[in-house]
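Participant: here is my input; please provide its structure:
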Amino acid sequence: MTTMDVRGRVDLSVHGINPVGVVVWNPSTPVLYEHAIARREARLGEGGPMVVDTGKHTGRSPQDKFIVREPGSEDRIWWDGNKELPEDGFEHLRDKVTEFLGGRETLYVVDAFAGADPAQRIAVRVVTTHPYHALFAKTMFIDPKPEELAGFTPQALVLHAPGLEAVPDEDGTRTGTFIVLHPSRTEVLIGGTFYAGEIKKSIFTVMNDRLPLEGVFPMHCSANVDQEGRVAVFFGLSGTGKTTLSADPERALIGDDEHGWGRNGVFNFEGGCYAKVIRLSPTAEPEIFKTTHTFGTILENVAIDEQGRLDLDDDSKTENTRAAYKLEQVSNALSTKQAGHPSAVIMLTADAFGILPPIARLSRDQAVFYFLSGYTAKVAGTEIGVTEPQATFSTCFGAPFLPQEPAVYARMLGEKLAEHPHTTVWLVNTGWTGGPFGEGHRMPIAATRELLRAALEEGLRNVEFRVDPVFGFEVPFFVPGVDDALLDPRATWREPDAYDRRARELARMFRDNFEKLAASAGPAVVAAGPRV
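Facilitator: Predicted coordinates:
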């Protein structure tokens with residue numbers, strides 16, 4: 001196993017870490033493969049991916065995420081949506097983490113950037129105990145140039161100790177798992193979980209706190225751009241098609257998950273993609289599928305047999321199987337990872353009630369309402385106890401990652417739309433039609449792609465629209481290449497009266513959810529919601 005002790009080139013004592021073992025700084029991908037496989041922490045899959053098992057945590061642990069209450073930031077933090085840890089509790093836990101890291105035989109240090117726009121990026125240092133997590137950080141963040149590494153000074157620090165568990169009674173945590181952000185010091189502590197997604201989402205949370213202070217709108221969205229320079233951003237919760245629909249072979253991919261909208265336009269926070277791959281189709285999603293059989297990709301919790309063959313349909317470990325890969329692995333990825341101002345904003349929802357139309361145009365106030373609502377629906381069977389569709393609302397399509405009040409981000413969206421009146425906002429339902437889950441069927445992905453193509457290429461500019469009587473948004477009567485029947489969800493139901501009842505029920509869910517947001521949203525936005 002290749003080792004490189006580079007402690008002379010990176011001084012971890014400035015972070016309170018005094019290593020007794022080897023320090024490996026910015027290792028190459030092959031070196032990290034060698035280490036992970038030699039330590040029996042990974043397997044080599046067919047085609048070359050690194051295949052790992054994250055143990056008991058196969059997804060994020062939002063209930064174990066904390067923000068430190070400290071004088072420099074406490075006035076701006078959304079305490080109703082974030083759990084607090086006192087500053088002395090942070091110091092106590094940090095001492096545990098640095099002592100644990102210092103005692104390991106090998107430490108891995110990755111220095112990289114978050115933010116493709118040089119004016120808005122931050123320098124990130126990740127210190128971790130495992131080669132797999134070092135490769136994840138190297139993959140998901142943006143590689144510095146050699147001359148940038150020479151004078152690299154971290155502005156954000158992630159101390160990653162997955163094998164260290166907290167003691168709740170001593171450390172003020174809920175369980176042995178912890179993800180803690182100190183906003184003023186821009187430091188993150190992670191322990192008690194091997195799920196790598198916590199690393200990237202912790203830095204997303206940092207960006208969500210920092211960028212609004214600089215007048216930049218941070219977004220939990222994917223983004224792409226066509227040859228004419230028309231940019232589209234796609235908001236959406238898990239399972240709505242955010243990654244799949246933005247990976248359009250006819251458009252250049254800016255990024256699949258986290259972006260900022262600043263003075264010059266849209267820019268990716270990341271250097272890689274982190275896609276769900278359960279039941280991935282080589283036909284419907286060829287670009288993403290190809291990455292799952294490629295050297296440099298990390299596959300989390302994907303089934304692999306003794307011969308190294310992968311089974312992407314196997315959900316025995318989790319439905320949340322993931323692939324992390326460099327953006328450059330996607331053939332149509334935009335190398336600069338930044339483009340101009342959006343001409344279209346897409347809000348994706350997988351409506352399992354079968355109520356919402358496949359596409360609807362929103363006014364600016366409606367856009368803010370549906371952005372604050374962040375609606376999708378869980379379907380039966382995805383979680384224990386879920387036997388029928390359940391509405392899910394995650395404000396701003398990313399509540400777990402919002403350090404500040406939702407109104408801050410909603411106001412920024414409204415301001416951006418006012419600054420760029422040419423930007424059209426669309427609500428797109430990738431969920432069910434012809435009835436709810438169990439009665440209707442999933443919206444055909446081919447139809448969704450045609451609808452998006454028409455919207456993004458301004459093919460709906462001269463189309464006639466109707467106003468939905470319950471939800472108030474505008475729905476086209478006709479879209480080229482799409483069955484007209486799909487555009488009127490009420491007409492697809494066997495019993496239109498049943499549709500009307502369920503539509504009113506869903507409208508009430510929106511209204512009930514919005515009660516806690518109404519005061520900060522303002523009367524115009526409240527009035528833009530569904531009519532009950």
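Participant: so where is the chain shaky, pLDDT-wise?
Facilitator: For the chain, the stretches with pLDDT under 70 are 1-2, 8, 379-388.
Participant: what about Met163, distance to Val428?
Facilitator: Residue 163: Gly, not Met. Gly163 is 42 Å from Val428, where distance means C-beta to C-beta, to the nearest Å. All C-beta atoms are positioned from the backbone trio N, CA, C, and that covers glycine.
Participant: can you pick out the residue with more neighbours from these two?
Facilitator: Val428 (26 against 12; other C-beta atoms under 10 Å).
Participant: list the contacts of the more buried one.
Facilitator: Taking C-beta atoms under 8 Å, 6 or more residues apart in numbering as the criterion, Val428 is in contact with Ile346, Met347, Leu348, Thr349, Pro358, Ile359, Ala360, Thr448, Leu451, Leu452.
Participant: chain center to the helix or strand hosting the first one, what's the gap?
Facilitator: Assessed by DSSP states H and E, Ile346 sits inside strand 342-349. In terms of C-alpha atoms, centre = their mean, to the nearest Å, the centre of strand 342-349 is set 15 Å apart from its chain centre.
Participant: list the helices and strands the very next helix or strand once past it packs on?
Facilitator: Proceeding N to C from strand 342-349, the next assigned helix or strand is strand 360-362, under DSSP H and E. Using 3 or more C-beta pairs under 8 Å, 6 or more residues apart in numbering; DSSP states H and E, the elements in contact with strand 360-362 are strand 424-429, strand 474-476.
Participant: sorry, back to before: so what strands line up beside the strand holding Ile346?
Facilitator: Partner strands and pairing direction for strand 342-349 (DSSP bridges) are strand 231-235 (parallel), strand 424-429 (parallel).
Participant: give the buried residues for the shortest one.
Facilitator: For strand 231-235, burial by neighbour count (16 or more other C-beta atoms under 10 Å) applies to Val231, Ala232, Val233, Phe234, Phe235.
Participant: show me the contacts for the first one.
Facilitator: Taking C-beta under 8 Å, 6+ apart as the contact definition, Val231 lies against Ala223, Asn224, Val225, Ile254, Gly265, Val266, Ala339, Gly340, His341, Pro342, Ser343, Ala344.
Participant: adding distance to Val188, write the residues you listed out as TSV.
Facilitator: Compiled in TSV, the contacts of Val231 are given as follows (distance: C-beta to C-beta, whole Å):
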residue	distance to Val188
Ala223	25
Asn224	29
Val225	31
Ile254	25
Gly265	28
Val266	25
Ala339	29
Gly340	32
His341	31
Pro342	30
Ser343	35
Ala344	34
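Participant: neighbour-wise, which of the residues you listed leads?
Facilitator: Highest neighbour count within the contacts of Val231: Ala223, with 31 neighbours (other C-beta under 10 Å).
Participant: just confirm it is within a strand.
Facilitator: Yes: according to DSSP: H, G, I helix; E, B strand; the rest coil, Ala223 belongs to a strand.
Participant: which residues touch Gly151?
Facilitator: Contact partners of Gly151, counting by C-beta under 8 Å, 6+ apart, are absent.
Participant: with adjacent residues omitted, what lies nearest to Asp53?
Facilitator: Residue nearest to Asp53 in three dimensions, not counting chain neighbours: Asn301, with 6.1 Å by C-beta to C-beta, 6 or more residues apart in numbering.
Participant: what does the helix or strand hosting Leu85 rub up against?
Facilitator: Element membership for Leu85, per DSSP H and E: strand 83-86. Outside strand 83-86, the residues that touch it by C-beta under 8 Å, 6+ apart are Gln63, Lys65, Phe66, Ile67, Val68, Arg69, Ile77, Leu93, Gly172, Thr173, Arg174, Val180.
Participant: how about Arg122, phi and psi?
Facilitator: Arg isn't right for residue 122; it's Ile. For Ile122, the backbone dihedrals (degrees, to the nearest 10) come out as phi -130, psi 150.
Participant: thought it was touching Met207?
Facilitator: Yes: contact criterion C-beta atoms under 8 Å: Ile122 and Met207 qualify, at 7.3 Å.
Participant: spit out the residues that contact those two alike.
Facilitator: With C-beta under 8 Å, 6+ apart, Ile122 and Met207 have common neighbours Ala114, Gly115.
Participant: which one's more surrounded, these two?
Facilitator: Met207 (25 against 18).
Participant: count of neighbours near the residue nearest to Asp53?
Facilitator: Asn301: 23 neighbours (other C-beta under 10 Å).
Participant: from Gly239, how far off is the nearest residue to Gly241 once chain neighbours are set aside?
Facilitator: In this structure, Gly241 finds its nearest non-sequential neighbour in Thr430, 4.5 Å apart by C-beta to C-beta, 6+ apart. Distance, Thr430 to Gly239, using C-beta to C-beta: 9 Å.
Participant: please apply the same query to Gly340.
Facilitator: Distance of Gly340 to Gly239, given as C-beta to C-beta: 29 Å.
Participant: kindly report the same for Thr29.
Facilitator: 30 Å.
Participant: so for those two, which sits in the more crowded spot?
Facilitator: Per other C-beta under 10 Å, whichever of Thr29 and Gly239 has more neighbours is Gly239, with 20 against 15.
Participant: my guess is that one meets Ala350, correct?
Facilitator: Yes: at 5.6 Å, Gly239 and Ala350 qualify as touching, with contact defined as C-beta under 8 Å.
Participant: any chance of the backbone angles for Val206?
Facilitator: phi -60, psi -50.
Participant: for Val479, the count of nearby residues, please.
Facilitator: As a burial measure, Val479 scores 21 neighbours (other C-beta under 10 Å).
Participant: list the residues that contact Ser363.
Facilitator: By C-beta under 8 Å, 6+ apart, the contact list for Ser363 reads Val425, Phe473, Ala528.
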